[in-house]
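**Student:** Need a 3D model of the sequence below.
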Amino acid sequence: MRIKVLCLLLLAALPAFAQKEDKELTRKLKPLLDKFHGEAGVYVHHLKKNKIVAINADTVFPTASMIKTPITVGVFDKIAKGELQYGQQLEYKDSLLYAGEDILGSFKDGEKIALNKVMMLMLTMSDNTASLWLQALAGGGEAINAWLDAHGFKHTRVNSRTPGRRDNQRLYGWGQTSPREMATLFEMIYAGKVISPAISDRIYRNLTRNFWDGQGLQQVPANVRTASKNGAVDGSRSEVIMVNAPHGDYVYCIITKNNQDQSWAKTNEALVMMREVGYTLWRHYEKKSKWTPFPIGEQL
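**Tutor:** Alright, predicted model coming up:
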């Protein structure tokens with residue numbers, strides 16, 4: 001039995017060992033990151049070719065709103081255990097309000113809303129009031145971090161409102177991760193390896209409905225399916241995207257920190273770099289495609 005288990009573990013690890021660097025793509029992406037005024041990292045994996053690019057891919061960065069993907073996993077872990085139900089009715093309380101422009105924050109005290117709609121607000125609209133409510137329902141940062149640790153994630157953690165992580169919160173904010181780990185989490189979801197195939201399928205479908213689609217998502221044609229989550233604070237911009245491209249699926253995560261340009265215009269240096277990276281990947285993998293994205297001034 002021990003030999004059988006060992007063989008299974010070795011087989012499971014083979015794809016990671018078999019990965020090779022896509023040197024041509026590395027040569028295309030590295031100058032884009034090198035010229036950035038701040039720190040940037042990217043991890044790319046083409047699933048069919050099993051080739052990667054890893055530039056500062058294991059450096060720890062802030063997640064900003066990308067942490068809402070691990071929060072989603074934490075909620076679904078509770079659902080799988082029967083402690084929550086996906087469509088159960090919840091009651092909103094004014095004490096849940098996180099000041100800002102959130103949709104959920106406009107609810108009146110005592111209004112009812114289904115759990116699955118709160119999750120939609122978190123992922124689609126990146127609603128912070130919804131997200132903090134769901135973090136608590138998932139058992140808090142401690143429970144979410146325990147799941148991450150048990151599944152091999154060493155850098156990805158919830159920091160905010162999590163005992164013992166105040167110093168990490170000062171450094172990274174709400175959450176922290178590395179480009180490789182966040183992209184790997186997306187790949188696990190897509191492959192049906194998060195909690196169960198059915199739950200992974202539900203999470204992936206939820207991640208395909210991102211309202212905030214102004215960067216990497218606009219660097220692929222609108223008829224190509226994508227799943228994504230992005231994050232943005234003054235000194236850090238990030239996104240993780242799975243692209244179900246015609247010639248093979250690819251996933252990538254790009255994150256920045258210590259950004260010199262902290263503006264919120266479309267011309268922000270980090271956002272420009274993210275668009276450049278997104279289109280570079282599309283052109284690299286879909287060489288025969290004649291599609292081009294609209295210029296920034298024409299994007300809505």
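**Student:** Please report how far Ile255 lies from Leu29.
**Tutor:** 14 Å (C-beta to C-beta, to the nearest Å). Yep, even glycine has a C-beta here, placed from its N, CA and C like the rest.
**Student:** what do these two both touch?
**Tutor:** Val42 (C-beta atoms under 8 Å, 6 or more residues apart in numbering).
**Student:** low pLDDT regions in the chain?
**Tutor:** 1-17 (pLDDT under 70).
**Student:** For the stretch 51-200 of the chain, which segments are assigned as strands?
**Tutor:** Ranges of strands in the stretch 51-200 of the chain, per DSSP state E, counting those that start in this stretch, are 51-55, 61-62, 89-91, 112-114, 157-158, 175-177.
**Student:** what's the closest of these to Val42?
**Tutor:** Val42 lies closest, by C-beta to C-beta, to one member of those: strand 51-55, at 5.1 Å.
**Student:** Give the partner strands of the closest one in its sheet and their orientations.
**Tutor:** Strand 51-55 has its sheet partners listed here by DSSP bridges as strand 20-21 (parallel), strand 39-46 (antiparallel).
**Student:** Which helix or strand lies directly C-terminal to the first one?
**Tutor:** Think strand 20-21. Going down the chain from strand 20-21, the next helix or strand is helix 23-34, by DSSP states H and E.
**Student:** Output that following helix in CSV, but only the C-alpha positions, please.
**Tutor:** Extracted in CSV, the C-alpha atoms of helix 23-34 (Å, rounded to 0.1, in the frame of the first residue of the first chain):
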residue,chain,number,x,y,z
LYS,A,23,12.6,31.0,-23.7
GLU,A,24,11.2,32.8,-26.6
LEU,A,25,8.3,34.1,-24.5
THR,A,26,10.6,35.0,-21.7
ARG,A,27,12.6,37.1,-24.1
LYS,A,28,9.4,39.0,-25.1
LEU,A,29,8.1,39.6,-21.6
LYS,A,30,11.3,40.4,-19.6
PRO,A,31,11.9,43.8,-21.2
LEU,A,32,8.3,44.8,-20.4
LEU,A,33,8.9,44.1,-16.7
ASP,A,34,12.4,45.4,-16.6
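**Student:** Mind giving me the packing neighbours of that helix?
**Tutor:** Under the contact criterion of 3 or more C-beta pairs under 8 Å, 6 or more residues apart in numbering; DSSP states H and E, helix 23-34 touches strand 39-46, strand 51-55, helix 269-285.
**Student:** quick revisit: Ile255 and Leu29: who's more crowded?
**Tutor:** Shown here are Ile255 and Leu29; by other C-beta atoms under 10 Å, Ile255 has more neighbours (31 against 24).
**Student:** Surely that one is within a strand?
**Tutor:** Yes. Per DSSP: H, G, I helix; E, B strand; the rest coil, Ile255 lies within a strand segment.
**Student:** Ile55 reaches Lys30, doesn't it?
**Tutor:** Yes. Between Ile55 and Lys30 there is a contact at 6.1 Å, judged by C-beta atoms under 8 Å.
**Student:** quick one: Asp261 and Asp213, what's the gap?
**Tutor:** To Asp213, Asp261 is 21 Å away according to C-beta to C-beta.
**Student:** can you give me how far stretch 87-104 is from the chain middle?
**Tutor:** 23 Å (C-alpha atoms, centre = their mean, to the nearest Å).
**Student:** show me where this protein has helices.
**Tutor:** Along the chain, counting by DSSP state H, helices occupy 2-18, 23-34, 68-80, 115-124, 128-137, 140-150, 166-172, 179-190, 197-207, 269-285.
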